[in-house]
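Visitor: Please work out how this folds:
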Amino acid sequence: MTILMKIGYPCANRSIGCSPSRTFDLRVFSRDHLILTIAENLSCLARILEFNRKAGLYFFVIGPGLIPYATHPANTLNWAEEFAADFAAVGAFVRDAGMQGCGSRSGPRVVLPFLRQEERKTSHTLQRSSRL
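Guide: Got it, this is the predicted structure:
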């Protein structure tokens, strides 16, 4: 019997020259800056996923910085709608590549898929913004 594991890495990818969690200081917040930063973050996420696919890495975690100030009151942008096509493209790539991942993490924690059911329910790692 062959057992296949989908592996990943619990760190930032430094080999492709971008970060999917770029942000900016709240003091210079603007709708245009937010849109540009989200677009850059999603573009980088796509590059990382392609890198991972080519390297045979099929597990990933999307960091909480993908959408800067996602739940902050200053952010009135309906980013889920604004970037729906981008999210759909990332989702299609992940499905087509047979990747696994979790939507978001709140800090430097590792999510283990074999936690008992009650641990999954109470794990802070699995709690995330319902929009992200």
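
Visitor: Show me which residues of stretch 20-38 are buried.
Guide: Within stretch 20-38, the residues scored as buried using 16 or more other C-beta atoms under 10 Å are 20-21, 34, 37-38. No exception for glycine: its C-beta is placed from N, CA and C like everyone else's.

Visitor: Now render those residues as TSV, adding distance to Gly63.
Guide: Putting the buried residues of stretch 20-38 into TSV (distance: C-beta to C-beta, whole Å) gives the following:
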residue	distance to Gly63
Pro20	7
Ser21	5
Leu34	17
Thr37	14
Ile38	13
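
Visitor: Now the two most distant members of the residues you listed.
Guide: Pro20 and Leu34 (15.1 Å; C-beta to C-beta).

Visitor: check which helix or strand covers Phe60.
Guide: Using DSSP states H and E, Phe60 falls within strand 59-61.

Visitor: Need the pLDDT of Ala70.
Guide: Ala70 carries a pLDDT score of 88 in this model.

Visitor: Starting from Leu57, give me the distance back to Ala80.
Guide: Going from Ala80 to Leu57 by C-beta to C-beta, to the nearest Å gives 27 Å.

Visitor: any weak-confidence spans in the protein?
Guide: Low-confidence segments of the chain, defined by pLDDT under 70: 1-11, 102-132.
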